[in-house]
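# Next one to model:
(chains A, B, C and D)
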2 protein chains.
Amino acid sequence: MKNYHHGNLKQKLLDEGVRLLVEEGYEKFSLRKLAKRCSVSHASPYRHFSDKNELILAIGREVQNKFNNALKNALENAEGSQLDRIRAMGREYVYFFLSNPDFLELLFLTPELQDISCGKHEHPEGSSFETYLSEVLPLFEKYDPGLFRIPQDPSDQEVQIPGELLRPWCMIHGLTVLLVKKALPVRDKESLDILIDQVLTF
Amino acid sequence: MKNYHHGNLKQKLLDEGVRLLVEEGYEKFSLRKLAKRCSVSHASPYRHFSDKNELILAIGREVQNKFNNALKNALENAEGSQLDRIRAMGREYVYFFLSNPDFLELLFLTPELQDISCGKHEHPEGSSFETYLSEVLPLFEKYDPGLFRIPQDPSDQEVQIPGELLRPWCMIHGLTVLLVKKALPVRDKESLDILIDQVLTF
DNA sequence: TTTCCTATGTTTACACTGTCAACATAGGAA
DNA sequence: TTCCTATGTTGACAGTGTAAACATAGGAAA
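Residues are numbered from 1 along each chain as shown, chains lettered A, B, ... in the order given. From the prediction side, this is the model:
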């Protein structure tokens, strides 16, 4: 039997998994469909992931990395004032989820993935919020960097995120949800960018 | 056979459905479990709802109504300046989802439900965003009410929501997500309220 | 009262799902 | 050359959504 061993099934599962997720949506995603797509029997994913949850979590990390890189690039290539740079990142934030609406669910709603996107830092890449903080931090040298650390023990903590960083994040995330869910109609990219700037005004 | 006909199964499915959803979470929710809970055979829900989706959509509307009423009450009972009243509503917004985290998924992520929570108005109760707009509108008499209408045809529309209303909504929704997903630790209700006020400062 | 219709329930069946255990083999380590 | 293990396959199982065929309670009509 030829190609009994696949070679690099794990990565193929991840790549094809992202595609399947985009095509079918989170609800209709299934392990067996994914296995079939990779031309492999329905149980073989279990050699690489202990669980469906574990697979989706890994896919989430892939998407998370893309998202973080997109934000980082936008921030690094932006010019102008601090506010200009934050706005550039905000645009990228919106674009990212607008062109892949299912990623919004994936990153912020999958029960196991919420830790990745929002807070706890079990894997080295860090959460999008942490990336946001650490990237935006240099724009605000006046603050003590210690202020931005997300505490290890959530049970005994004071609110530590300064409003100057928290508020843009809340704002742009809320706007993204409204846009992705089509609560706000936008005519074209111009008016979208105007809307983003309008919202990111402090 | 006694009680062959149930009496009011439809409402019981909705009530028990909300409970099941809270207990098991959105992922593990199943029609058959719900039927068993209602002491009824697994196919009987189909006499009242054409679909699992349709049932969840109906449950969503129940939750939506609770949510809208909670916001409305908070706004009506609030005193003080316009900003004070918006902040009161913001607190209620956060409390609601913090005490029932699964409702956040239900209202804003269920594919079919996004229309309910966010924008399109197929049912009379209106979306939470519309409720928000129509309730908050009186606080801003200086604006033309026409500005706040969500347009019927999304394809040919200008951005029409004034920033004074859009920004608080984005803000409080983004904050809610961060809090529900535990990205931001809060010690107690006092510091939570401080955080909300901090974020809702314009 | 009797008849019969329909709303609402049940039963059975099917394809599909996640998951596991038993098995098979490719390809490197000893 | 031998054998081990990582990686694949096959078959089974319980649970899922859904549809079709069937049953009856309880009111409408006679």
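# list the buried ones in the top helix by length along chain A?
Determined from DSSP state H, the single longest helix within chain A is helix A:52-77. Residues of helix A:52-77 classed as buried: A:55-61, A:63-64, A:67-68, A:71-72, A:74-75 (neighbour count, 16 or more other CB atoms under 10 Å in any protein chain shown). Every C-beta, even on glycine, is put in place using the N, C-alpha and C of the backbone.
# does that helix come close to chain B?
No: Helix A:52-77 is not in contact with chain B by CB under 8 Å from any CB of the partner chain; minimum separation 9.1 Å.
# Report the next helix or strand after that helix in sequence order.
Once helix A:52-77 ends, the next helix or strand along the chain (criterion: DSSP states H and E) is helix A:82-99.
# That following helix and chain B, any residue contact?
No: counting by CB under 8 Å from any CB, chain B is not contacted by helix A:82-99; separation bottoms out at 10.8 Å.
# Quick one: residues in contact with that helix.
With CB atoms under 8 Å, 6 or more residues apart in numbering or on different chains as the test, helix A:82-99 has contacts from A:66-67, A:70-71, A:73-75, A:77-79, A:103-104, A:132, A:135-136, A:139-140, A:168, A:171-173, A:175-176, A:179-180, A:192-193, A:196-197, A:199-200, A:202.
# Report the inter-axis angle for that helix versus helix A:52-77.
140 degrees (axes from the mean of the first three to the mean of the last three CA atoms, to 10 degrees).
# Please list the residues of chain A that sit near DNA strand C.
Counting by CB under 7 Å from any atom of the strand, chain A comes close to DNA strand C at A:1, A:4-5, A:29-33, A:42-43, A:46, A:50-53.
# Separate out the buried members of those.
Among the residues of chain A next to DNA strand C, those classed as buried by 16+ other CB under 10 Å are A:29, A:31, A:33.
# one step back: looking just at contacts, which helices and strands does the longest helix of chain A meet?
In terms of contacts (3 or more CB pairs under 8 Å, 6 or more residues apart in numbering or on different chains; DSSP states H and E), helix A:52-77 is packed against helix A:9-28, helix A:31-37, helix A:82-99, helix A:101-108, helix A:114-118, helix A:128-136.
# thinking again about what came up before, with distance to DNA strand D and pLDDT added, can I get the buried ones among the residues of chain A next to DNA strand C in a markdown table?
Below are these laid out as a markdown table (distance: CB to the nearest atom of the strand, whole Å; pLDDT from 0 to 100):
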| residue | distance to DNA strand D | pLDDT |
| --- | --- | --- |
| A:Phe29 | 14 | 95 |
| A:Leu31 | 11 | 98 |
| A:Lys33 | 14 | 98 |
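# Among the residues you listed, find me the one that's closest to A:Arg187.
A:Phe29 (32.6 Å; CB to CB).
# Correct me if wrong: the closest one contacts A:Arg19.
No: using CB atoms under 8 Å, A:Phe29 is not in contact with A:Arg19; the gap is 10.7 Å.
# returning to that earlier point: report the buried members of the contacts of helix A:82-99.
Neighbour counting by 16+ other CB under 10 Å classes A:67, A:71, A:74-75, A:78, A:103-104, A:132, A:135-136, A:139, A:168, A:171-173, A:175-176, A:179-180, A:192-193, A:196, A:199-200 among these as buried.
# Could you measure from A:Ile172 over to A:Ala74?
Counting by CB to CB, to the nearest Å, the gap from A:Ile172 to A:Ala74 is 12 Å.
# Check A:Met1 and give its pLDDT.
Predicted confidence (pLDDT) for A:Met1: 41.
# OK, contacts around the residue nearest to A:Leu20 when sequence neighbours are not counted?
Closest residue in space to A:Leu20, ignoring its immediate chain neighbours: A:Leu34 at 5.5 Å, by CB to CB, 6 or more residues apart in numbering or on different chains. Neighbour list for A:Leu34: A:13, A:16-17, A:20, A:45, A:55 [criterion: CB under 8 Å, 6+ apart].
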